[in-house]
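K.L.:
for reference, the sequence and a predicted model appear below.
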Amino acid sequence: MRRTHSCGALRASDIDQTITLCGWVHHRRDHGGVIFIDLRDREGVTQVTFDGAVCSAEVHAQADRLRNEWVIEITGTVASRGDNVNPNLATGEIEVFATSLTILNQAQTPPFELDEHAKVGEEVRLRHRYLDLRRPVIQSRFLLRHRATKIIRDYFDQRGFLDIETPILCKSTPEGARDYLVPSRVHPGAFYALPQSPQLFKQLLMVGGFDRYMQIARCFRDEDLRAERQPEFTQIDIEMSFVDMDDVMAEAEGMIRSLWQEVLGVDIGPVQRMPYAEAMLRYGSDKPDLRYGMEIHELSDWAPTSGFVVFQRGVEDGGICRGFNAKGAAEALSRRQLDFLDKEFVRDYGAKGLAWIKVGNGEWQGPAARNISPEARAELAQRLDVSDGDVLFFSAGPKRVVEATLGAVRVHLGTEMLGLAQPGDWRFLWVHSAPMFEWDDEARRFVSVHHPFTSPYADNLEILTSDPGACLSQSYDLVLNGVELGGGSIRIHRPEVQEQVFRALGIGETEAEEKFGFLLDALRYGAPPHGGLAFGLDRIIMQMAGTDSIRDVIAFPKTQKASDAMSEAPGPVSDAQLKELHLLSTARND
RNA sequence: GGCCUGGUAGCUCAGCUGGUUAGAGCGCCGGCCUGUCACGCCGGAGGUCGAGGGUUCAAGUCCCUUCCAGGUCGCCA
């Protein structure tokens, strides 16, 4: 070992010791006769002092050459800082008077300052990620991630879960996200798909008798990216045999509880549960953010009597009318902001506008207010608990548009405009019993809300074919502050039920056998009842680290166009490679 | 695929209604400095204003196309 200590280790108790440190030059302060170097490694920063009266002229001259990010090794004596203690450093009580200096490597001037105070754009940081990763704030996130995965593995190990790896080269299956494909050399014209999740394999592990499985698994989805979405991401994947919903939820909740307890020192308390239908009604979302109120109310029965033609027509045309009360928000919301919500914000969600009413001094102001009859107003005041200083929001029209619109406005108010969401406020919620299917207008068929292997409730089996849209699933999603951390379900373990579900999805018998034959076969050979769940590890870490981008907790993330700013992947390959894979590119090379 | 925001020195940004030689802070380079700790002082270098085209006497600024980055809707079983 070259070094005796890390740069975060030395304390007053080490005074007078002769020690050796290695690290990067973090800052240098050259006073002529004395040169101070802040030496940095993963563990911290130590001040190294080159004093002309202590070290040799040669060493002092070498120290004079040092620049930021040079890699050095120093040997010297630990000394008290006396009156010059630096309270911002863990090692601030001491400094090291260097007597020898070895320059292990020089460094070009970095493209950006690694100083903790410097503001640097993400683009440059990602292009030189290896430099960005040296910054203590960044390193602390990966320390956190390491601790978390260790706790997760230990938690499941103690509870009898086996960590088993599943294939990366898989078969492409219909449904779900776009696959990343890998061409086969030995099977001309055939392709592997990278797993969107280990879903089928973990079910087969249950058929294989492993009873309890866990894996921290890499997953791949070729869809457009978001702040909380990457083309490759990591799931905490679990599956259990002979269980019902409560069993899986209890295990998953226990894991989350110990994570928050051991990493953040936070007791998350009991986790609320809410049926999907209730979440959609009260919050306009399948992942409600419970950090603020503003619950949405059904007003479809009130709308026809409201006197306001927009509300009336919305309901007459087969839609709904709902609204909510932003209590006491009148002062915080300017006319300009309300206009933005009405004329810009809600357009993204398919709404033509957003009706709002500002209540002040008993007066109801806003475009919608004058149209509402006094009687309707009185009823509304009672139903939405209206008082002075409130702002009311309404939407009328197709159900999905109204839900999406009010849900989005509510979140925008809570997190942005009114700033009601406080850091350190952890509101966990299980959203369960989602519908099995959802009608897809474009595909003109039902699609799975969860996935095609999700089991309906036993007492919903008879409507599986007669009324698929009304059939509810044994599913559960864990939501934290409006972010879906993960979800799962009890799976179908009887082949005839699985076949019925495929049929409801418009997957014919031939296609089912071709794409999922191995699963159906497996179910026929004595599959145990089973269920499981998968969490998005990156999203969990992101929440714990208090950042708002998944890229912050992935060492080498991709950009929004799914490329690597550093290695510039993906890149072209030679014609010879293509030929070997029986591929011909249709992309133009101009 | 749609919408929105941004791209000016190595970094972070300013640059008005189109008008002289495009600026600041930090960083960098040189000099000075024995108690700093985001050291300080003096001096200096550094620009394809993302790219291409257009309008104009004149474009960082206006228009069109395009590339890149980010946000978001669609999409993400």
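P.N.:
Good, I have the coordinates.
K.L.:
I'd guessed A:Gln365 sits against A:Ile372; true?
P.N.:
No. Using Cβ atoms under 8 Å as the test, A:Gln365 is too far from A:Ile372 to be in contact (11.8 Å). (C-beta placed from N, C-alpha, C; glycine too.)
K.L.:
what touches both of these two?
P.N.:
Common neighbours of A:Gln365 and A:Ile372 (criterion: Cβ atoms under 8 Å, 6 or more residues apart in numbering): A:Ile357.
K.L.:
the more surrounded of the two?
P.N.:
A:Ile372 (22 against 16; other Cβ atoms under 10 Å).
K.L.:
in the stretch 401-550 of chain A, which spans are helices?
P.N.:
Ranges of helices within the stretch 401-550 of chain A are A:463-466, A:495-504, A:509-524, A:537-545, based on DSSP state H, counting those that start in this stretch.
K.L.:
need these in a markdown table with mean neighbour count and distance to RNA strand B, can you?
P.N.:
Formatted as a markdown table, these follow (neighbours: other Cβ atoms under 10 Å; distance: least, Cβ to the nearest atom of the strand, whole Å):
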| stretch | mean neighbour count | distance to RNA strand B |
| --- | --- | --- |
| helix A:463-466 | 13 | 16 |
| helix A:495-504 | 18 | 11 |
| helix A:509-524 | 15 | 11 |
| helix A:537-545 | 22 | 11 |
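K.L.:
okay if I get those as CSV plus mean pLDDT?
P.N.:
Listed next are the helices of the stretch 401-550 of chain A as CSV, based on pLDDT from 0 to 100:
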stretch, mean pLDDT
helix A:463-466, 92
helix A:495-504, 95
helix A:509-524, 94
helix A:537-545, 97
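K.L.:
tell me which of the ones you listed sits nearest to A:Ser567.
P.N.:
When the helices of the stretch 401-550 of chain A are compared by Cβ to Cβ, helix A:537-545 sits nearest A:Ser567, at 19.9 Å.
K.L.:
ok, the residue lying closest to A:Ala545 once chain neighbours are set aside - contacts?
P.N.:
Of all residues not flanking A:Ala545 in the chain, A:Arg141 sits nearest, at 4.8 Å (Cβ to Cβ, 6 or more residues apart in numbering). With contact taken as Cβ under 8 Å, 6+ apart, A:Arg141 is in contact with A:541, A:545, A:547, A:552-553.
K.L.:
domain ranges for chain A, per the record?
P.N.:
A:12-105, A:123-274+A:528-590, A:292-421 (automatic domain parsing).
K.L.:
out of those domains, which gets nearest to A:Glu496?
P.N.:
Nearest of the domains of chain A (Cβ to Cβ): domain A:123-274+A:528-590, 14.6 Å.
K.L.:
contact residues of the stretch 51-200 of chain A facing RNA strand B?
P.N.:
A:51-53, A:67-68, A:81, A:84-86, A:88-89, A:92, A:95, A:109, A:111-113, A:115, A:117-124, A:175-178, A:196-197, A:199 (Cβ under 7 Å from any atom of the strand).
K.L.:
can you say which of those are buried?
P.N.:
Among these, those classed as buried by neighbour count (16 or more other Cβ atoms under 10 Å) are A:51-52, A:68, A:81, A:89, A:92, A:95, A:112, A:120, A:176, A:196-197, A:199.
K.L.:
which one of those is nearest A:Asp286?
P.N.:
Closest approach to A:Asp286 among those (Cβ to Cβ): A:Gly176, at 17.2 Å.
K.L.:
which pLDDT value belongs to the closest one?
P.N.:
pLDDT, A:Gly176: 89.
K.L.:
give me the three-state assignment for it.
P.N.:
coil (DSSP: H, G, I helix; E, B strand; the rest coil).
K.L.:
that one reaches A:Gln196, doesn't it?
P.N.:
Yes. The pair formed by A:Gly176 and A:Gln196 meets the contact definition of Cβ under 8 Å, at 5.5 Å.
K.L.:
separation between the closest residue to A:Asn460 other than its chain neighbours and A:Trp439?
P.N.:
Residue nearest to A:Asn460 in three dimensions, not counting chain neighbours: A:Cys471, with 4.8 Å by Cβ to Cβ, 6+ apart. Going from A:Cys471 to A:Trp439 by Cβ to Cβ, to the nearest Å gives 12 Å.
K.L.:
what does A:Tyr213 give?
P.N.:
Relative to A:Trp439, and taking Cβ to Cβ, A:Tyr213 is found at 34 Å.
K.L.:
doesn't A:Leu131 lie inside a helix?
P.N.:
Yes. Counting by three-state DSSP, A:Leu131 is found in a helix.
K.L.:
how many other residues sit next to the spatially closest residue to it that is not a sequence neighbour?
P.N.:
Excluding its sequence neighbours, the residue lying closest to A:Leu131 (Cβ to Cβ, 6+ apart) is A:Pro110, at 5.5 Å. By the criterion of other Cβ under 10 Å, A:Pro110 has 15 neighbours.
K.L.:
now A:Pro110, what's its secondary structure?
P.N.:
Classification of A:Pro110 by three-state DSSP places it in coil.
K.L.:
could you verify my assumption that A:Gly488 touches A:Ala534?
P.N.:
Yes. Using Cβ under 8 Å, A:Gly488 is in contact with A:Ala534, at 6.2 Å.
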